[in-house]
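Visitor: give me the fold of what follows.
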Amino acid sequence: MSKSWTWIGPYTFAILAVLLAGPLLSSLAVLQSVSVPYLQLNGGHAIRLAADLLALAILWTLAFAASQRITNSGGPGFLRNLVLPSTTLVVILFANKAFRTVGLPLIDQMGPSRFAWGYAVGLIGSGIWLTAAWILNIRSLRETFDSPNQTRRQGAQGLPEDEEKDAELEEEAGAPPEPKSTASTSTINGHTPGMLGRYKVLKELGRGAMGLVYLGKDPTIQRFVAIKTMRLDHIDNDDKLQDIKARFFREAESTGRLSHPNIVTIYDAGEEDDLGYIAMELIDGTPLKQWARKPSLMPVNEVLLTVATVADALDYAHQQGVVHRDVKPANIMLTKDRIVKVMDFGIAKMASSSKTQTNMVLGTPTYMSPEQIAGKKVDGRSDIFSLGIVLFELLTGQPPFTADNLSALLFGIAHHPHPAIQALRPDLPPMVQEIVNRALQKELPHRYRRAEELAHELRTCLQKLAA
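Guide: Next up is the predicted model:
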């Protein structure tokens with residue numbers, strides 16, 4: 001479901017306004033004395049009938065808009081398929097009532113039997129449509145209202161293919177692979193947890209950087225959330241477990257303090273049945289990965305504006321002492337309202353808390369900075385390098401560094417120069433090449449000092465392109 005219900009407001013206001021205006025206008029004496037010969041109605045009845053039919057048309061438009069906004073990740077999936085046939089049935093019923101109340105002359109003109117046949121066909125057709133939609137989506141309906149403990153597990157294949165690939169690359173980069181059995185990775189004591197803290201777990205959404213991701217709901221304020229979990233039960237050493245918990249909640253607290261319109265909000269963090277969890281804003285949108293390959297590339301001006309917005313969000317986080325560590329197109333969402341949302345701040349570091357290896361390389365290999373590969377302490381300039389790779393990929397349809405194996409890829413990022421972006425996109429202005437070159441400098445002193453500087457130059461370039 002859309003994050004906010006405010007989009008319904010204009011439709012509701014329009015319906016109420018039309019329904020109120022119809023009777024008021026139809027009662028005016030000047031309209032009562034006017035006739036509409038072709039319709040065989042006086043002015044008042046014509047206005048009243050037109051207002052009722054317009055209100056029903058707006059209602060159907062609202063239903064169509066709702067069917068486009070409702071998604072399986074934010075609301076019951078069966079509603080998407082039921083809202084249109086249900087509304088069509090309601091529209092037909094009330095349209096019949098409107099005609100029989102103020103439009104009887106039109107029925108006589110059309111022919112009562114013909115009108116009755118048309119009404120019957122519409123009623124039966126919409127009823128069949130609604131019944132078919134209900135039957136076809138009965139499984140989704142049952143899964144929505146069944147107890148979460150009895151909900152059938154939805155596997156990680158529900159994730160987009162690119163997300164699965166990113167997870168595999170993260171494991172290659174140093175994270176020990178998680179067990180692949182269903183029982184050990186997706187359940188605790190043989191079932192999906194019914195509650196995590198105060199959140200009711202509705203279903204499993206897939207796998208994230210920390211572990212499994214669930215769709216949850218805060219029953220107190222009726223808010224849907226994404227719940228990312230990290231298993232703690234396999235840590236045998238008590239001292240190490242306490243240290244990991246402390247680091248986990250410290251990172252959650254630091255990222256939870258971030259309050260920025262382009263950063264996904266973290267609402268809560270806790271522990272339940274050997275699961276560490278973080279409840280965060282549920283986003284209804286698409287990751288930038290969708291626009292990172294030809295022929296689906298975004299227009300250049302939209303790429304520059306989007307990356308500048310991400311840079312603003314990163315700069316804000318850096319000033320709060322939070323480094324993302326895993327900037328990549330899959331972690332940048334574009335909502336249906338074209339709002340940029342950066343996800344998973346600090347998640348890479350949180351996920352490392354449950355691992356046993358030392359000097360681990362964190363992040364997704366394709367988007368790592370040279371200092372990440374070297375295992376050095378990173379700051380905001382590492383995120384700038386990763387964002388430079390994202391910018392390069394969104395503009396050209398390919399990342400600047402590619403290789404046949406992980407070792408060659410990491411060596412190339414650390415030591416080889418990136419390709420000239422204008423060789424791949426000759427239509428790009430020289431300033432874009434300069435911005436990419438500076439963002440992808442391997443030596444820290446030559447890179448942008450702050451993401452704010454990168455955002456400023458991107459917007460300057462955007463203004464020159466628009467001039």
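Visitor: output the below-cut-off pLDDT ranges for the stretch 301-450 of the chain.
Guide: Filtered on pLDDT under 70, the stretch 301-450 of the chain yields the residue ranges 346-363.
Visitor: quick one: the strands in it, in order.
Guide: Assigned strands in the stretch 301-450 of the chain, in chain order: 332-335, 340-342 (criterion: DSSP state E, counting those that start in this stretch).
Visitor: so which of these is the most packed in?
Guide: Of all the strands of the stretch 301-450 of the chain, strand 340-342 carries the top mean neighbour count, a mean of 23, counting by mean count of other CB atoms under 10 Å. The way it works is simple: take the backbone N, C-alpha and C, and place the C-beta from them, glycine included.
Visitor: roughly how far is that one from the heart of the chain?
Guide: 9 Å (CA atoms, centre = their mean, to the nearest Å).
Visitor: what is it packed up against?
Guide: The criterion is 3 or more CB pairs under 8 Å, 6 or more residues apart in numbering; DSSP states H and E, and the helices and strands that strand 340-342 contacts are helix 300-319, strand 332-335.
Visitor: run through who's touching the longest one.
Guide: What that stands for is helix 300-319. Applying CB atoms under 8 Å, 6 or more residues apart in numbering, the external contacts of helix 300-319 come out as 258, 260, 262-263, 288, 297-298, 323-324, 327, 332, 334, 340, 342, 345, 379-380, 383-384, 387, 390-391, 394-395, 427-428, 432, 450-452, 454-455, 458-459, 461-462, 465-466.
Visitor: taking those one by one, which sit in helices?
Guide: 380, 383-384, 387, 390-391, 394-395, 432, 451-452, 454-455, 458-459, 461-462, 465-466 (DSSP state H).
Visitor: buried subset of those residues as a PyMOL selection?
Guide: Typed into PyMOL, the line below selects the buried ones among the ones in helices among the contacts of helix 300-319, using 16 or more other CB atoms under 10 Å:
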select buried, resi 380+383+384+387+390+391+394+395+432+451+452+454+455+458+459+461+462
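Visitor: mind showing which ranges of the stretch 151-300 of the chain have poor pLDDT?
Guide: For the stretch 151-300 of the chain, residues meeting the criterion pLDDT under 70 lie at 151-191, 208-210, 232-237, 240.
Visitor: the strands in it, which residues?
Guide: 195-196, 199-207, 212-218, 223-231, 266-272, 275-281, 285-287.
Visitor: and these as a markdown table, adding mean neighbour count and distance to Ala50?
Guide: Shown next, in a markdown table, are the strands of the stretch 151-300 of the chain (neighbours: other CB atoms under 10 Å; distance: least, CB to CB, whole Å):
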| stretch | mean neighbour count | distance to Ala50 |
| --- | --- | --- |
| strand 195-196 | 18 | 52 |
| strand 199-207 | 21 | 44 |
| strand 212-218 | 23 | 42 |
| strand 223-231 | 21 | 39 |
| strand 266-272 | 18 | 47 |
| strand 275-281 | 24 | 43 |
| strand 285-287 | 17 | 39 |
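Visitor: nearest to Gly375, out of those strands?
Guide: With CB to CB as the measure, strand 223-231 is the member of the strands of the stretch 151-300 of the chain nearest Gly375 (22.0 Å).
Visitor: output the strands of the stretch 151-300 of the chain as TSV; include the columns distance to Tyr119.
Guide: Shown next, in TSV, are these (distance: least, CB to CB, whole Å):
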stretch	distance to Tyr119
strand 195-196	49
strand 199-207	40
strand 212-218	41
strand 223-231	40
strand 266-272	50
strand 275-281	46
strand 285-287	42
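Visitor: of all those, which one comes closest to Ala29?
Guide: Nearest of these (CB to CB): strand 223-231, 51.5 Å.
Visitor: could I get the closest one in CSV with only the CA atoms?
Guide: What follows is strand 223-231 as a C-alpha-only set of coordinates in CSV (Å, rounded to 0.1, in the frame of the first residue of the first chain):
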residue,chain,number,x,y,z
ARG,A,223,1.4,1.1,10.5
PHE,A,224,3.1,-1.4,8.2
VAL,A,225,6.9,-1.8,8.6
ALA,A,226,9.7,-3.8,7.1
ILE,A,227,11.5,-5.8,9.8
LYS,A,228,15.1,-6.8,9.1
THR,A,229,16.4,-9.6,11.4
MET,A,230,19.8,-10.9,12.4
ARG,A,231,20.2,-14.3,14.1
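Visitor: what angle do that strand and strand 266-272 make?
Guide: With axes from the mean of the first three to the mean of the last three CA atoms, to 10 degrees applied, the angle from strand 223-231 to strand 266-272 works out at 50 degrees.
Visitor: in its sheet, what does strand 223-231 sit against?
Guide: With DSSP bridges as the test, strand 223-231 is paired with strand 212-218 (antiparallel), strand 275-281 (antiparallel).
Visitor: figure out which of those strands is closest to Gly44.
Guide: So among the strands paired with strand 223-231, strand 212-218 is nearest, using CB to CB, at 48.8 Å.
Visitor: please compute how far that closest one lies from its chain's middle.
Guide: On the basis of CA atoms, centre = their mean, strand 212-218 sits 14 Å off its chain's mean C-alpha point.
Visitor: rewinding a little: what's the closest of the strands of the stretch 301-450 of the chain to Gly125?
Guide: That would be strand 332-335 among the strands of the stretch 301-450 of the chain, by CB to CB, at 35.5 Å.
Visitor: so which elements touch that closest one?
Guide: Looks like strand 332-335 contacts strand 285-287, helix 300-319, strand 340-342 (3+ CB pairs under 8 Å, 6+ apart).
Visitor: single out the most deeply packed of those.
Guide: When the helices and strands packed on strand 332-335 are scored by mean count of other CB under 10 Å, the highest mean neighbour count falls to strand 340-342 (a mean of 23).
Visitor: which residues touch that strand?
Guide: 262-264, 281, 283, 285, 306, 309-310, 313-314, 324, 327, 331-335.
Visitor: make it 7 Å
Guide: Outside strand 340-342, the residues that touch it by CB atoms under 7 Å, 6 or more residues apart in numbering are 262-264, 283, 285, 306, 309-310, 313, 331-335.
Visitor: surely Leu212 meets Ile227?
Guide: No: using CB atoms under 7 Å, Leu212 is not in contact with Ile227, being 8.8 Å away.
Visitor: how near is Asp312 to Ala17?
Guide: Asp312 is 39 Å from Ala17, where distance means CB to CB, to the nearest Å.
Visitor: mark out where each domain of the protein begins and ends.
Guide: Using automatic domain parsing, the domain parsing of the chain gives 8-145, 172-281, 285-466.
Visitor: quote the end-to-end distance of the longest one.
Guide: Yep, that's domain 285-466 we're talking about. Counting by CA to CA, to the nearest Å, you get 27 Å between the two ends of domain 285-466.
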